[in-house]
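Q: dropping the sequence and predicted coords here.
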Amino acid sequence: GDCFVSMPQGSVLSQTYDLIKGASFSSTDGWDYWVRDEKNYEVSLKQENVNRDSFDELSDAELEILDGVLLEFGNMKNFDIVKYTHDHCAEWENPNGSSYPIKPETIFRTLGKNEDVVNGLVHHNNTQHQLDSVINQLR
């Protein structure tokens with residue numbers, strides 16, 4: 001359960017952004033195990049010699065999405081991504097030096113979903129957040 005926010009440089013996931021900046025609140029097999037923080041808000045894979053079994057918690061569909069994102073955006077420099085976000089991500093609003101939360105329904109609407117679908121997705125999203133909260137309390 002991460003939170004979408006508009007920040008001056010674009011839309012970001014706030015908890016992921018905190019991890020990139022050096023926060024450490026992930027499990028022993030989470031962010032700190034897999035990701036190496038680099039300079040200029042860049043990251044790289046810490047583990048070497050990984051194979052499909054290494055990513056057993058990700059579905060094939062999720063891996064395909066990650067591959068697609070890397071293919072489309074992987075060669076962009078930081079400020080190319082900023083410009084792209086400002087020009088192409090309708091959910092982003094200029095927070096004037098601060099940050100604004102981006103509601104999931106705003107994202108669904110910018111993706112062209114009708115109101116019935118938006119309401120269903122918001123309900124599903126809320127249910128997922130509640131389940132995540134329960135699971136985190138059990139850990």
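A: Structure's in. What do you need? Residues are numbered from 1 along each chain as shown.
Q: which residues of this structure score low on pLDDT?
A: The model of the chain has pLDDT under 70 over residues 1, 25-27.
Q: so what are the domain limits for it?
A: Following automatic domain parsing, one gets these domains for the chain: 4-102, 104-139.
Q: mind putting these in CSV, mean neighbour count included?
A: The way it works is simple: take the backbone N, C-alpha and C, and place the C-beta from them, glycine included. Converted to CSV, the domains of the chain look like this (neighbours: other Cβ atoms under 10 Å):
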stretch, mean neighbour count
domain 4-102, 12
domain 104-139, 12
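Q: what's the single longest helix in this protein?
A: Scanning the chain for the longest helix, with DSSP state H as the assignment, gives helix 115-138.
Q: residues making contact with it?
A: Contact with helix 115-138 is made by 1, 104-105, 108-109, 113, as judged by Cβ atoms under 8 Å, 6 or more residues apart in numbering.
Q: identify, from these, the entry nearest to residue 36.
A: Nearest to residue 36 out of the contacts of helix 115-138 is residue 1 (Cβ to Cβ; 24.1 Å).
Q: since that was my last question, I'll sign off now.
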